[in-house]
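In: whatever this is, show me its structure:
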Amino acid sequence: QVQLVESGGGLVEAGDSLKLSCSASGRAFSNYHIGWFRQAPGKEREFVAVINWSGDGTWYDDSVKGRFAISRDNAKNMVYLQMDKLEPEDTAVYYCAASSTYAVSPRRYDFWGQGTQVTVSS
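Out: Sure, this is the predicted structure:
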């Protein structure tokens, strides 16, 4: 069992940066791959980025590639999502999630945080 708590969301202007944090508790956090997902009003939850258990493998959705960076610190049970050059289209609730599978589908993730709101104004 892994418990996840996101933080760091807020209201920013287009072109600004934000860094989201995902704090984990529970057993064997370092055994899980961690993904970031987002959900905008009226839309399905979509994949943003994933990092493997050791931190040396990452994958991004094309919409954020080159602007977002995912990282983790297993000693601190933390995962981060650095978001640069934010666009209004990035507005959504952002979730971190844990999976035993290195995957992009939200259906493959077993544990979810409660989400943090990111709003980007134009």
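In: show residues contacting the helix or strand containing Y80.
Out: Element membership for Y80 (DSSP states H and E) is strand 78-83. With contact meaning CB atoms under 8 Å, 6 or more residues apart in numbering, strand 78-83 is reached by 17-24, 34, 36, 48-49, 51, 64, 67-73, 90, 94, 96, 118. Every residue, glycine included, has its C-beta placed from N, CA and C.
In: neighbouring strands - and their directions - for it?
Out: Paired strands of strand 78-83, with direction, are strand 18-26 (antiparallel), strand 68-73 (antiparallel) (DSSP bridges).
In: related to what we said a few turns ago, now list the buried members of the contacts of strand 78-83.
Out: Neighbour counting with 16 or more other CB atoms under 10 Å marks 18, 20-24, 34, 36, 48-49, 51, 64, 68-70, 72, 90, 94, 96, 118 as buried within those.
In: still on that earlier bit, F111 is nearest to which of the strands paired with strand 78-83?
Out: Minimum separation from F111 across the strands paired with strand 78-83 (CB to CB) falls at strand 18-26, 8.1 Å.
In: check which element follows the closest one along the chain.
Out: Next along from strand 18-26, by DSSP H and E: strand 33-39.
In: nearest residue to the middle of this protein?
Out: Geometric centre of the chain, nearest residue: W36, 2.4 Å, by CA atoms, centre = their mean.
In: just to check, that residue is in contact with Y94?
Out: Yes - counting by CB atoms under 8 Å, W36 touches Y94, with 6.2 Å between them.
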